[in-house]
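K.L.:
predicted coordinates and the sequence they were generated for:
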2 protein chains.
Amino acid sequence: MKVGTTHYRSIWRNGDEVRIIDQRWLPHEFRVVTLRSTQDFATAIADMWVRGAPLIGATAAYGMAASMADDASDANLNASYDTLHATRPTAVNLRWALDAMRALLAPLPQATRAEAALVKAAEICDEDVETNRMIGVHGLDLIRQIAAAKSAAKSAGEPVRLLTHCNAGWLATVDWGTATSPMYHAHEAGIPIHVFADETRPRNQGALLTAWELGQHGVPHDLIVDNAGGHLMQHGEVDMVIVGTDRTTAQGDVCNKIGTYLKALAARDNGVPFYVALPSPTIDWTLRDGLAEIPIEDRDGREVTHVQGKDASGATADVQISPDTTSARNPAFDVTPARLVTGLITERGVCEPSAAGLAALFPEKAGA
Amino acid sequence: MKVGTTHYRSIWRNGDEVRIIDQRWLPHEFRVVTLRSTQDFATAIADMWVRGAPLIGATAAYGMAASMADDASDANLNASYDTLHATRPTAVNLRWALDAMRALLAPLPQATRAEAALVKAAEICDEDVETNRMIGVHGLDLIRQIAAAKSAAKSAGEPVRLLTHCNAGWLATVDWGTATSPMYHAHEAGIPIHVFADETRPRNQGALLTAWELGQHGVPHDLIVDNAGGHLMQHGEVDMVIVGTDRTTAQGDVCNKIGTYLKALAARDNGVPFYVALPSPTIDWTLRDGLAEIPIEDRDGREVTHVQGKDASGATADVQISPDTTSARNPAFDVTPARLVTGLITERGVCEPSAAGLAALFPEKAGA
């Protein structure tokens, strides 16, 4: 999407080079970095210069391509796979992209591997963009319906007010984003919208990234604390919630950034539709009961006791918000039960969050 | 309660002087300040060296006493009332304390006003302490019941896990606090407890104050982000929620710090008892429907876009977490409907959150 007046993807080729946005410095600095060696790509993933499942997968794919340009041997193919996989070993998309690359490359003559790897990495990127674009097309229909209902009611002229949590934006994917794709589509279609972006403690992806990308693309929005969404919904100030997901079960339970569940409860309590935007690879067809089956990572308490931002000198700095001796619990995700979800917006359309709903859209997977 | 090994109130006399804790520096510095002139007291309230409705009232009462010691004329009595009232004009307790002081002092001969004011201010403090102590006694019964149920079940030996939001602690009152009073009572009674303290964005009173006072008094606790409580409840890690309130309607709707409503929803969804601790002056007998009738203050967005803490040098500093151009919405409170509240813990006992429940405990008020 747009940064200033220029359209960017989150990863792109520039001649023979691959470039990314080093997201660690957002929103205060927009730094573009060229990745060359396999190690460059591994560092970019491990140290979170890039983040978001689809973008991690795409970056790993280009990392394999860089590795093949350097040394197309079987030994290096396997070593690079291992190096890249070790960066974020629990990232499902990372493994998926690396497996796809190795499956393609291993049978090929060494002389053709580098070029084939580049083509495949570009394909992985384009597929992600297309998937997210289609999520946007389907989500746009929902926003259009709300806009139509509003213009038929006394709230004519008022924008469609959307709330989102964390960053399921284009910065987490190659382009469009997942939860943001319907928003960008609506904005480009001329439907007036206003987005409330939850700051998303502890890592503040909403404040750092979602607010930035919406602002750069020109989408009207306000930052709110994670505590505020329920109050806004009680007072009729939110027409629809759209969030992303890290993992959704075959029955429609949604694992997403910590705090999503609280917003789903508030949406249900106030009759606000609560949608989850998800590319189908996010569906874990082996899982049913998300609450019982999805293990939740407890992360370092320092993310809770400290907050990063821009200090008075303009430098990036941490401040400690609690007493020196205070310990913190830091569960990173929560699970929103399917019963609280209005619908799932996938690249194939919108379905109800249930085994039947998902099976109707993805019959070839649901039978597996 | 304790700071280190010494018992403190949040405001106290030391010979002829009145001292407070300058809470702006907590938790990183414990600064005690002596207040002398009426203006000292006014500044302490206006600039939030002290905060919390009961403590503001007590500070204003001592401010009137200081003013009478200086000049006990009617003119100064009225001028001091106005000066102190202008500090936080919407604070109900402030007005109540000032009205009580003026009603007492105005009919008295000027020569006796200074001494009478000091006695009355001390009374206001002692009454607050006693009210909060009784909230603790009644809340302790509830915690005791949970502890008994746990020791009869397989969770024997496990502490009673309590969650609270914001700071309804002794720092917001003269001593004991409201939501924390049952916790301190349980701790002193030898019932093992563990408290989850919500950080409470945007002003982080949970991280800055609640974590500090629990830690100083030796109560086991963890800081959590506001997003985490629902997840902990889903996984059976919270036995009871206790929060304070700024204003409760005659039907039991509870206005409290933004985000309280989300915790109440999660408690209801997971069968966790949700209690509100309140001194009866917090009940607004003129209000019925809290959602419709209680206006919610929208505060400066800078509280959302910036976070205060201790920087690497140990100094108190702000960091900006969002892009320079991002605007923020900052509603300061929300209303938890009575239907989500398990019970109200008052100084007279525990009641159901309804007109009938409150009327049974406070018949003299409910008829008004």
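P.N.:
Structure received. Residues are numbered from 1 along each chain as shown, chains lettered A, B, ... in the order given.
K.L.:
report how many residues lie close to the closest residue to A:G230 other than its chain neighbours.
P.N.:
Leaving aside its chain neighbours, A:G230 sits nearest to A:A266 (3.8 Å; criterion: C-beta to C-beta, 6 or more residues apart in numbering or on different chains). Bear in mind the C-beta positions are built from the backbone N, C-alpha and C, glycine included. A:A266 sits with 26 neighbouring residues when counted by other C-beta atoms under 10 Å in any protein chain shown.
K.L.:
tilt between the helix or strand containing A:A266 and helix B:260-269?
P.N.:
Using DSSP states H and E, A:A266 sits within helix A:260-270. Angle of helix A:260-270 versus helix B:260-269, following axes from the mean of the first three to the mean of the last three C-alpha atoms, to 10 degrees, is 90 degrees.
K.L.:
could you check how far A:P295 is from chain B?
P.N.:
Per C-beta to the nearest C-beta, to the nearest Å, A:P295 is found 11 Å from chain B.
K.L.:
check which helix or strand covers that residue.
P.N.:
For A:P295, there is no enclosing helix or strand under DSSP H and E.
K.L.:
now A:N256
P.N.:
Assigned by DSSP H and E, A:N256 belongs to strand A:254-257.
K.L.:
please enumerate the helices of the stretch 151-300 of chain A.
P.N.:
Using DSSP state H, counting those that start in this stretch, the helices of the stretch 151-300 of chain A run over residues A:181-188, A:205, A:211-217, A:229-234, A:260-270, A:290-293.
K.L.:
which stretches of chain A have low pLDDT?
P.N.:
Applying pLDDT under 70 to chain A picks out residues A:368.
K.L.:
could you chop it up by domain?
P.N.:
A:2-125, A:131-366 (automatic domain parsing).
K.L.:
now do the contacts for the nearest residue to A:R31 once chain neighbours are set aside.
P.N.:
What sits nearest to A:R31 in space, not counting adjacent residues and going by C-beta to C-beta, 6+ apart, is A:D22, at 4.4 Å. Neighbouring residues of A:D22 by C-beta atoms under 8 Å, 6 or more residues apart in numbering or on different chains: A:R31, A:V32, A:V33, A:A44, A:W49.
K.L.:
which of those residues fall within strands?
P.N.:
When DSSP state E defines the strands, the subset of the contacts of A:D22 inside them is A:V32, A:V33.
K.L.:
take the contacts of A:D22 and write them to TSV, including neighbour count.
P.N.:
Compiled in TSV, those are given as follows (neighbours: other C-beta atoms under 10 Å in any protein chain shown):
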residue	neighbour count
A:R31	12
A:V32	12
A:V33	15
A:A44	27
A:W49	20
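K.L.:
list just the nearest of the contacts of A:D22 to A:G309.
P.N.:
The closest of those to A:G309 turns out to be A:R31 (C-beta to C-beta; 17.0 Å).
K.L.:
quick one: contacts for the closest residue to chain B within the stretch 101-250 of chain A?
P.N.:
Nearest residue of the stretch 101-250 of chain A to chain B, counting by C-beta to the nearest C-beta: A:N227, 2.7 Å away. Residues in contact with A:N227 (C-beta under 8 Å, 6+ apart) are B:T200, B:R201, B:P202, B:D226, B:K257, B:I258, B:G259, B:L262, B:D334.
K.L.:
widest-spaced pair of these?
P.N.:
Within those, B:P202 and B:L262 form the most distant pair, 14.6 Å apart (C-beta to C-beta).
K.L.:
from the contacts of A:D22, pick the one nearest chain B.
P.N.:
The closest of the contacts of A:D22 to chain B turns out to be A:R31 (C-beta to the nearest C-beta; 14.7 Å).
K.L.:
surely the closest one meets A:I20?
P.N.:
No - look at A:R31 against A:I20 with C-beta atoms under 8 Å: they stay out of range, at 9.5 Å.
K.L.:
quick one: which of B:P202 and B:L262 has more around it?
P.N.:
More neighbours surround B:L262 than the other of B:P202 and B:L262, with 31 against 28 (other C-beta under 10 Å).
K.L.:
B:M233 is in contact with the more buried one, correct?
P.N.:
No - B:L262 is beyond contact range of B:M233, at 11.1 Å (criterion: C-beta under 8 Å).
K.L.:
if we can go back for a sec, output the helices of the stretch 151-300 of chain A in TSV; the columns should cover distance to B:F274.
P.N.:
Output for the helices of the stretch 151-300 of chain A, formatted as TSV (distance: least, C-beta to C-beta, whole Å):
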stretch	distance to B:F274
helix A:181-188	34
helix A:205	29
helix A:211-217	32
helix A:229-234	14
helix A:260-270	13
helix A:290-293	20
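K.L.:
can you tell me, leaving aside adjacent residues, what's nearest to A:P202?
P.N.:
Nearest residue to A:P202 in three dimensions, chain neighbours excluded: A:E303, at 4.1 Å (C-beta to C-beta, 6+ apart).
K.L.:
and for the one you found, the neighbour number?
P.N.:
17.
K.L.:
so which strand or helix has it?
P.N.:
helix A:302-305.
K.L.:
ok, and for that helix, which residues are buried?
P.N.:
Within helix A:302-305, the residues that count as buried by 16 or more other C-beta atoms under 10 Å in any protein chain shown are A:E303, A:V304, A:T305.
K.L.:
in the stretch 1-150 of chain A, what residue comes closest to chain B?
P.N.:
A:P27 (3.9 Å).
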